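1. For reference, the sequence and a predicted model appear below.
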Amino acid sequence: MDYLIGVDIGGTKSAVSLADDHFNIVARHSFITGAQTDPDEVLDRFIQTIRSLLDDHRIALSKVTGIGVSCGGPLDPVEGVILSPPNLPLWTHVPVRRRLQEAFDRPVTVENDANATALAEWKLGAGRGTRNFIYLTWGTGIGGGLILDGKLYRGATGMAGEAGHQTLLPDGPLCGCGKRGCLEALAAGPAVARMCHERATPRQIQHWLELTPGETEPNAKGVIRAAQAGDETAAGILKEAGRYMGIGLANLIQIINPERIALGTLAIHAGDLLLAPVREAIAKYAWPQLSTACEVVPAELGDRAQDMAALVLVSVRDG
Ligand SMILES: [Zn+2]
């Protein structure tokens with residue numbers, strides 16, 4: 001039996017997972033990264049954690065096929081260098097691959113988390129069996145990855161698949177990226193929260209907040225719960241967000257002609273409350289020869305997505 005090691009570097013939390021070559025998790029350890037912690041310290045922590053996981057399970061280094069590292073971009077997958085992710089402000093030009101290779105002398109693959117999750121959903125989740133597959137996260141932000149002709153498509157600078165920042169309304173709401181009217185600014189979690197204030201009465205907002213104990217501002221989760229309980233205003237907000245997602249996907253479908261698109265977090269929680277308007281908009285805005293060839297489904301890996309994203313990189317390091 002051979003083993004894989006996955007390293008998931010996040011802005012708040014990071015994790016190291018050890019799995020067998022069928023992607024069954026043998027052991028896992030997570031810790032708080034802290035945006036202000038020195039990257040060298042975090043890398044030392046990863047190295048120690050990998051060593052102790054292998055020791056604890058009496059696994060020789062020679063049995064480890066490789067190490068996959070998934071991290072927010074921008075990063076350089078060819079050199080294995082993390083450049084300057086917005087959620088990790090101190091990580092400028094950090095040579096993660098070189099550090100891990102020096103420590104373990106095993107192959108190390110570094111990829112941005114959106115591409116890595118797209119690969120994981122394609123190999124192990126909602127994209128299984130397809131050759132042309134799109135995965136989009138749909139939470140606080142909208143990011144994604146493209147599998148084209150059976151291979152991850154990175155583009156000229158590794159930024160391919162940033163579908164959340166296609167312009168849908170040139171004078172629309174301001175996006176976190178600085179542009180106006182991006183898909184993300186119209187359909188991601190903060191856009192749903194914004195629509196709450198525009199469309200719901202103070203009484204409705206109060207009620208939605210009661211559905212999400214601990215929250216002080218209405219959010220997508222509360223809107224989804226309210227819509228599931230029959231609130232028509234909440235359902236209307238989801239319909240609007242879903243319509244914009246559908247228009248964005250229609251653009252992608254028209255260009256790429258994929259067989260399947262999987263959507264993350266919000267689509268998993270809301271199901272057809274979001275997916276029905278998504279599919280309706282796709283049918284309206286993409287040609288039928290393309291839209292009927294493409295199914296839109298919720299992502300499958302759920303809580304396992306981040307671990308699998310890092311682990312799957314070991315098996316695709318040449319592709
Ligand atoms: Zn944007």
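-> Good, I have the coordinates.
2. Do a quick rundown of the helices in this protein.
-> Using DSSP state H, the helices of the chain run over 39-56, 96-104, 113-124, 183-187, 189-199, 202-210, 220-228, 232-256, 265-270, 272-285, 288-291, 305-315.
3. weakest of those by average pLDDT?
-> Lowest mean pLDDT of these: helix 202-210, a mean of 91.
4. what separates it from the chain centre, distance-wise?
-> For helix 202-210, the separation from the chain centroid amounts to 29 Å (computed by Cα atoms, centre = their mean, to the nearest Å).
5. swap in stretch 233-253?
-> For stretch 233-253, the distance to the chain centre is 18 Å (Cα atoms, centre = their mean).
6. at contact distance from the ion, anything in that stretch?
-> No: counting by Cβ under 5 Å from the ion, the ion has no neighbours in stretch 233-253; the shortest distance is 11.4 Å. All C-beta atoms are positioned from the backbone trio N, CA, C, and that covers glycine.
7. As JSON lines, the helices of the chain with mean neighbour count would be great.
-> Formatted as JSON lines, these follow (neighbours: other Cβ atoms under 10 Å):
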{"stretch": "helix 39-56", "mean neighbour count": "16"}
{"stretch": "helix 96-104", "mean neighbour count": "18"}
{"stretch": "helix 113-124", "mean neighbour count": "27"}
{"stretch": "helix 183-187", "mean neighbour count": "27"}
{"stretch": "helix 189-199", "mean neighbour count": "18"}
{"stretch": "helix 202-210", "mean neighbour count": "15"}
{"stretch": "helix 220-228", "mean neighbour count": "23"}
{"stretch": "helix 232-256", "mean neighbour count": "21"}
{"stretch": "helix 265-270", "mean neighbour count": "22"}
{"stretch": "helix 272-285", "mean neighbour count": "19"}
{"stretch": "helix 288-291", "mean neighbour count": "14"}
{"stretch": "helix 305-315", "mean neighbour count": "26"}
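8. among those, which is nearest residue 26?
-> helix 39-56 (8.0 Å; Cβ to Cβ).
9. contacting residues around that closest one?
-> Here helix 39-56 makes contact (Cβ atoms under 8 Å, 6 or more residues apart in numbering) with 5, 7, 9, 14, 16, 18, 27, 29, 31, 33, 60-61, 64, 67, 82, 88, 90-91, 94, 96, 99-100, 103-104.
10. do that again at 7 Å, thanks
-> 5, 7, 14, 16, 18, 27, 29, 31, 33, 61, 90-91, 94, 96, 99, 103-104 (Cβ atoms under 7 Å, 6 or more residues apart in numbering).
11. orientation of that helix relative to helix 96-104 in degrees?
-> 40 degrees (axes from the mean of the first three to the mean of the last three Cα atoms, to 10 degrees).
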